[in-house]
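In: generate a structure from the sequence data that follows.
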Amino acid sequence: MASVRKTRRVAALPHPLARLSAKDPLRVAGLMSGTSADGIDVAIVDFERGGLTVLAFETVSYRPALRRAIFDAFDPATGRVDLICRLNVAVGEAFAAAVRRTADRAGIPLASIDLIGSHGQTIHHLPNARRQWGARVASTLQIGEPGVIAERTGITTVADFRPRDVAAGGQGAPLVPYADVVLYRHATKARAIQNIGGIANVTYLPPNGPPYGGTTSAALRVEGVLAFDTGPGNMVIDRLVSSLTGGRRTYDRDGRLARRGRVHAALLGELMRHPYFRRRPPKTTGREEFGAVYADRLRKRGLKLGLADADLVATATALTARSIADAYRRFLPAPVDEVILCGGGARNPTLAGMLAGQLAPAAVMTTDDLGLSADAKEAVSFAILARETLRGRANNVPSATGARRAVILGKIVLA
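Out: Numbers count the residues shown, from 1 in each chain. The predicted structure follows:
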């Protein structure tokens, strides 16, 4: 009778992601570049025992030639497929370099960062499904190859967050509301978290206690949360300032130009008749509706009316403020107690003053007043989203995006 050789059982090693997801504290770098494409926001965050600490934040500017190429890619007339293919890698290299630079300047060892959450750079956003090629096609495209980021940094990278929500029937935006619930939901106050980037978007947080049902809860309570894009943020203002100054300025620093001007009430009324402002949430917008073509038409209209440059910029600034206030009145389920501003527009006192006047009696403040830089907030949000993806938690908010169900966002590239 043949003998049977016994073999030793070898215990299975835990998957690298299992080891990583169990880490506490966990150090995550969140990366964000918005529709203005003015730079890469990097926030390095420690998560520990249900809380978070921002260790470092920096905005790393794109090289001018790279930024020009990104704007070429935005335009269907110049956004060739070979350009976008190469940009995907070049932007990935820029994101990786931004992480290394931020960590180095803050004295944080790169090897101490456990995870990267990268939004990438949106090139085109087409979330409304159309029947084509035998399928219902909705799409969104963010570049900044996560394989390059992981390779250059040696850090596991979560990226490409938006397509999963689109696949689930959502708009793929806004995604930040999940982080807003984590950071800002209040027990007794209704809050509006108003981001003013290239596009402006709001998250409405009803007053119903802490976000988690306890520090160990695996599910975030998002009942009653509403979020959507209100319309243009800085995008139209920036384009006007750039064209009016021949490119010498790219934005209205501190709202100085708008502050010198007078709002043209009739033109503002015309602008507020744009159909986007009447569209009901969930809804998103972008350069497709409020980009260079829109801003250039506005400039021509201003010239025809004989408006001074400052008056035109003041009117564009008023458009951002009025469209935000109008969206609150039309679509938020109840008045808010506090409006918390973040994004680049929070640094524009002329815009903030217009908003405060239109949103009274709500108190208007910035995330700085609550301990988090208004500039850093979106990068921190993608650190939060990456952490939740790593832990296998659904991290979209269907009531905000219109998705059929809660899903886990993003793709993971192991280091």
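
In: and N195, which of the three is it?
Out: strand (DSSP: H, G, I helix; E, B strand; the rest coil).

In: quick check: it touching P177?
Out: No - the pair N195 / P177 is not scored as a contact, 10.0 Å apart, by CB atoms under 8 Å. All C-beta atoms are positioned from the backbone trio N, CA, C, and that covers glycine.

In: so between the two, which is more surrounded?
Out: N195 (29 against 26; other CB atoms under 10 Å).

In: give me the neighbour count for the nearest residue to that one once chain neighbours are set aside.
Out: Distances taken as CB to CB, 6 or more residues apart in numbering place G343 nearest to N195, at 4.4 Å, with adjacent residues excluded. Residues near G343, counting by other CB under 10 Å, number 26.

In: which residues touch G343?
Out: 34, 195-197, 200, 233-234, 374-375, 377-378 (CB atoms under 8 Å, 6 or more residues apart in numbering).

In: backbone dihedrals for it, please?
Out: Note on G343: backbone dihedrals following degrees, to the nearest 10 are phi 90, psi 170.

In: now do G255
Out: The phi/psi pair for G255 (degrees, to the nearest 10) is phi 70, psi 20.

In: check what pLDDT it gets.
Out: Confidence at G255, expressed as pLDDT, is 98.

In: what do you get for the one 4 residues further on?
Out: R259 is assigned a pLDDT of 98 by the prediction.

In: surely it and T350 touch.
Out: Yes - between R259 and T350 there is a contact at 4.6 Å, judged by CB under 8 Å.

In: who's more crowded, these two?
Out: T350 (22 against 17).

In: now do the SS call for the more buried one.
Out: helix.

In: quick one, strands of the stretch 51-200 of the chain?
Out: 51-60, 115-132, 135-143, 156-159, 191-196, 199-205 (DSSP state E, counting those that start in this stretch).

In: quick one, domains of the protein?
Out: Split into domains by the TED database, the chain comes to 16-172+373-413, 229-332.

In: quick one: closest of the ones you listed to P206.
Out: When the domains of the chain are ranked by proximity to P206, the top entry is domain 229-332, at 9.9 Å, counting by CB to CB.

In: how far off centre is the closest one?
Out: Averaged C-alpha coordinates place domain 229-332 at 20 Å from its chain's average position (CA atoms, centre = their mean, to the nearest Å).

In: straight-line length of it, end to end?
Out: One end of domain 229-332 sits 12 Å from the other (CA to CA, to the nearest Å).

In: over to stretch 193-204?
Out: Note: stretch 193-204 ends 7 Å apart using CA to CA.

In: same question for that stretch, mean pLDDT?
Out: According to the model, stretch 193-204 has a mean pLDDT of 96.

In: for it, buried residues please.
Out: By 16 or more other CB atoms under 10 Å, the buried positions in stretch 193-204 come out as 193-204.

In: again, but for stretch 48-60
Out: Buried residues in stretch 48-60, counted by 16+ other CB under 10 Å: 52, 54-60.

In: dump it to PDB, restricted to CA.
Out: This file holds the C-alpha atoms of stretch 48-60, laid out as PDB (Å, rounded to 0.1, in the frame of the first residue of the first chain):
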ATOM      1  CA  GLU A  48      -7.100  57.900  14.300                       C
ATOM      2  CA  ARG A  49      -9.900  56.600  16.500                       C
ATOM      3  CA  GLY A  50     -12.700  58.100  14.400                       C
ATOM      4  CA  GLY A  51     -11.000  61.600  14.200                       C
ATOM      5  CA  LEU A  52      -8.700  63.300  11.700                       C
ATOM      6  CA  THR A  53      -5.800  65.700  11.800                       C
ATOM      7  CA  VAL A  54      -4.500  67.700   8.800                       C
ATOM      8  CA  LEU A  55      -0.700  67.500   9.000                       C
ATOM      9  CA  ALA A  56       0.200  69.400   5.900                       C
ATOM     10  CA  PHE A  57      -1.500  71.300   3.000                       C
ATOM     11  CA  GLU A  58      -0.100  72.800  -0.100                       C
ATOM     12  CA  THR A  59      -1.300  73.900  -3.500                       C
ATOM     13  CA  VAL A  60       1.300  73.000  -6.200                       C
END
